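Visitor: what follows is a predicted protein model with its sequence.
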There are 2 protein chains.
Amino acid sequence: MRQVAILGIGQTKIDEHWGLSLREIGGDAALAAMHEAGVDKVEALFVGNMLSPLISAQNQLGTYFSDWIGLWGQESVKVEAACASGAAALRAGLMAVAAGDIDSALVVGVEKMSDKSGHDITAALATAADADYEVEQGVSFVGLNALIMRRYMHEYGWKHADFAPFSINAHANAMHNPFARLHQKINTEQFEKSAMVATPINLLDASPTGDGAAAVVLVPAEKVISLNGKPRITVAGSASSTDSIAVHSRKDPLFLSAGHESAKRAYAMANVEPKDIDVFELHDAFSIMSALSLEACGFAERGQGVRLGLDNEIHPQGRVPICTRGGLKARGHPVGATGMYQIVEVVQQLRGECDKTQVEGARIGMTQNIGGSGATILTHILKAE
Amino acid sequence: MRQVAILGIGQTKIDEHWGLSLREIGGDAALAAMHEAGVDKVEALFVGNMLSPLISAQNQLGTYFSDWIGLWGQESVKVEAACASGAAALRAGLMAVAAGDIDSALVVGVEKMSDKSGHDITAALATAADADYEVEQGVSFVGLNALIMRRYMHEYGWKHADFAPFSINAHANAMHNPFARLHQKINTEQFEKSAMVATPINLLDASPTGDGAAAVVLVPAEKVISLNGKPRITVAGSASSTDSIAVHSRKDPLFLSAGHESAKRAYAMANVEPKDIDVFELHDAFSIMSALSLEACGFAERGQGVRLGLDNEIHPQGRVPICTRGGLKARGHPVGATGMYQIVEVVQQLRGECDKTQVEGARIGMTQNIGGSGATILTHILKAE
């Protein structure tokens, strides 16, 4: 496999963009990445998206965006793995460049959610779960995560307030990210008093959705000559793994086996261990997922993920910095785009562009993007050289 | 790039399978391919599908099927490019095996359409077109193809009856394919008198949709040792290209530029020319698309594609055999699965398993799978060794 580098990044602010269409949001991030990479064409476009058929009555997003940004004639395709669609698109682009069939790929994660609301969005997000055996029973996506969180609290004896540091850290870091959806600090009292969504998940355990897109340009690493003093960022590890789609079918619903397996493979591919990871953008769609992801990736023992927050280890200068740009919780979670925001943010960290939330001396960063309630999980490791 | 071989194939009969779910249909084809390949696990699953979010309220099909057929822990992803989703999934699997990151991939194209009908299906299929600039005007997907066919007839002076040989050939060949949806011979008179759908496209110009799935197992070619006397089938050429998503934005709506470009690249990769192709499974969703695909791929001059049918060259013993298993017209068109049916059928031809519609001595076969009305087109070339 050829080594692949990330040459340019682009992202849009996550928000309810009433005045912008799906086309414009994805196009803006795509063109920003190409502009930063200094290229005016690429050989292929890989789009990560989950909801456009349901929200925008639009399929074939690869070609839809190729058309919009003027890449006629090039290869284009959409990749979908629920909320892991972004990372899945990155991996598809990575494989094509690594295989040597193409010498450049644009990868865009994009979601436009604000054109629907209420029940429509709840139903659309529930398509990540098992339609026949979960959704048919009336459970929503947040409801499934609530069942997992409640069981975790019961099994390991944690209180709801013990999860507060995850959300507080995410909100504090988002204050310094102009692309984040939420810019408001929160404290433990606010966290505890927030409106209930699905017990025990309240509003401050849950990430806000939104409209947004993030993109990168991939090229063979050997072709990267000049970077104007910036380090060369390579994709050193990439892996994807799955568990059962329905939570009730898992051997252990409190262990992200697909997160563990994909992290293990990505560590092996990048030849690193958890202790080598300087920054970790994890998938905190709900606070419980922060704990489970930290445990699955070897940063905490089973049932002890929350301790990293309580011990103050997750902030940018901590031992395991997570959600340094706000995470899903405060940067926002435009579902099919999220995995690409994580990649863009790790690139920013490895380049030293994160100002007040910069992890000092960061050289190796990791992302973990979760589809469904743990069903599809991709782990990527980036290295600065 | 490593050379990749197709080790096993599987398919289900295309029909309205009221008693079978999306899960079962895709699972049956997947397991059939694995059984024929003699493997009980693969490292990754690539699923091509267009409509499951809209028809079955189910996303994340990669993991959905991995779960169903017992591939927990392996990589899984869905790929979507409208009606070209099947070939797009094959190409994604091909790149991953060619890159060397994995040593086996299962690729499944699947669609379950009969759970919706009437307007719901028309609206779902229209998501392949441009939601903002085509569908918003009230045009349906068959309507767009009708506009193209009418313009072609006007521009080149063909009558509707001149397209009859495409449908007659497809129906005749499907008589010998147990997996085909339609088993009825038709003649020119029936073709001309068939009920109108969208002038000039009538019922016998149009392919029937349906429920179905087709699958293959991909492995590095060097790992294929024994095949019980069957030839080794390799993916010698693979390319994808795009045009504008909206028909009205094309430089020339009567030329499949993405078909031309992807065929050109696939020919170059496989080191062959049109005259070397022994069998060509093209995308006859509507009879006009047979003509345009033949022209785009170099089998006929511009505006002369219909002549191949009139000159009796497209049957299995003709100069350019097409739709030898019934094509979309009579085998059926379960949209996201179609590209994989084409691949499976070319494998059958190259193995000499096609009985009365066998192309004698077929060694090189080609497929062309079209997404939208020419927006995304993939061409694959398979070789028997």
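Guide: Great, that's in hand.
Visitor: beta partners for the residue nearest to A:Asp276 when sequence neighbours are not counted?
Guide: Ranked by C-beta to C-beta, 6 or more residues apart in numbering or on different chains and with sequence neighbours excluded, the top spatial neighbour of A:Asp276 is A:Ile364, at 5.4 Å. Bear in mind the C-beta positions are built from the backbone N, C-alpha and C, glycine included. With DSSP bridges as the criterion, A:Ile364 is bridged to A:Lys383.
Visitor: and A:Ile364, what pLDDT?
Guide: Per-residue pLDDT puts A:Ile364 at 98.
Visitor: what sits against A:Thr188?
Guide: With contact taken as C-beta atoms under 8 Å, 6 or more residues apart in numbering or on different chains, A:Thr188 is in contact with A:Ala161, A:Ala164, A:Ile168.
Visitor: that older thread, and the residue nearest to A:Asp276, how many neighbours?
Guide: 20 (other C-beta atoms under 10 Å in any protein chain shown).
Visitor: right, is the worst-scoring helix or strand of chain A on mean pLDDT up against chain B?
Guide: When the helices and strands of chain A are scored by mean pLDDT, DSSP states H and E, helix A:118-125 comes last with a mean of 94. Yes: judged by C-beta under 8 Å from any C-beta of the partner chain, helix A:118-125 comes into contact with chain B at A:Ala123, A:Ala124.
Visitor: and for stretch A:244-260?
Guide: Yes: with C-beta under 8 Å from any C-beta as the criterion, chain B is reached by stretch A:244-260 at A:Ser244, A:Ile245, A:Ala246, A:Ser249, A:Ser257, A:Ala258.
Visitor: give the contact list for the fourth one.
Guide: Contact partners of A:Ser249, counting by C-beta under 8 Å, 6+ apart, are A:Tyr133, B:Asp67.
Visitor: got it, and the last one?
Guide: Going by C-beta under 8 Å, 6+ apart, A:Ala258 touches A:Ser241, A:Thr242, A:Asp243, A:Gly374, A:Ala375, A:Thr376, A:Ile377, B:Gly73.
Visitor: dump stretch A:76-83 to CSV, restricted to CA.
Guide: C-alpha atoms of stretch A:76-83 as CSV (Å, rounded to 0.1, in the frame of the first residue of the first chain):
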residue,chain,number,x,y,z
SER,A,76,-17.5,10.2,-7.8
VAL,A,77,-19.3,8.1,-5.2
LYS,A,78,-21.2,8.4,-1.9
VAL,A,79,-20.3,6.2,1.1
GLU,A,80,-22.7,5.6,3.9
ALA,A,81,-22.3,4.0,7.3
ALA,A,82,-24.8,6.0,9.4
CYS,A,83,-22.9,8.5,11.7
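Visitor: close to chain B, is that stretch?
Guide: Yes: against chain B, stretch A:76-83 shows contacts by C-beta under 8 Å from any C-beta at A:Ser76, A:Val77, A:Lys78, A:Val79, A:Glu80, A:Ala81, A:Ala82.
Visitor: how long is stretch A:166-182 from one end to the other?
Guide: Using C-alpha to C-alpha, to the nearest Å, the end-to-end distance of stretch A:166-182 comes to 15 Å.
Visitor: can you give me the buried ones in it?
Guide: Using 16 or more other C-beta atoms under 10 Å in any protein chain shown as the test for burial, stretch A:166-182 gives A:166-174, A:176-177, A:179-182.
Visitor: retrieve the pLDDT associated with the residue in chain A sticking out farthest from the centre.
Guide: The C-alpha centroid of chain A is most remote from A:Gly73, which lies 29.7 Å away (C-alpha atoms, centre = their mean). A:Gly73 carries a pLDDT score of 96 in this model.
Visitor: quick one: the strands in the stretch 251-385 of chain A?
Guide: Listed in chain order, the strands of the stretch 251-385 of chain A (DSSP state E, counting those that start in this stretch) span A:279-281, A:364-371, A:376-384.
Visitor: mind checking which of those is nearest B:Ala126?
Guide: B:Ala126 lies closest, by C-beta to C-beta, to one member of the strands of the stretch 251-385 of chain A: strand A:364-371, at 26.8 Å.
Visitor: any idea how far A:Asn202 is from chain B?
Guide: With distances taken as C-beta to the nearest C-beta, to the nearest Å, A:Asn202 is found 26 Å from chain B.
Visitor: who is that residue paired with across the strands?
Guide: Applying DSSP bridges to A:Asn202 gives these bridge partners: A:Met196.
Visitor: next up, the contacts around it.
Guide: A:Asn202 sits in contact with A:His160, A:Phe191, A:Ser194, A:Ala195, A:Met196, where contact means C-beta under 8 Å, 6+ apart.
Visitor: OK, contacts around the fourth one?
Guide: Residues counted as contacts of A:Ala195 (C-beta under 8 Å, 6+ apart) are A:Asn202, A:Leu203.
Visitor: quick one: pLDDT of it?
Guide: A:Ala195 carries a pLDDT value of 98.
Visitor: distance of it from B:Lys264?
Guide: To B:Lys264, A:Ala195 is 59 Å away according to C-beta to C-beta, to the nearest Å.
Visitor: any low-confidence regions in chain A?
Guide: Residues of chain A that meet the criterion pLDDT under 70 lie in A:226.
Visitor: rerun that using 90 as the cut-off
Guide: Along chain A, the parts satisfying pLDDT under 90 run over A:1, A:118, A:224-230, A:385.
Visitor: so who does A:Met1 touch?
Guide: Counting by C-beta under 8 Å, 6+ apart, A:Met1 touches A:Ala98, A:Ala99, B:Ala99, B:Gly100, B:Asp101.
Visitor: could you report the neighbour count for the closest residue to it other than its chain neighbours?
Guide: Excluding its sequence neighbours, the residue lying closest to A:Met1 (C-beta to C-beta, 6+ apart) is A:Ala98, at 4.4 Å. Using other C-beta under 10 Å, A:Ala98 is surrounded by 26 other residues.
Visitor: great, nothing more from me.
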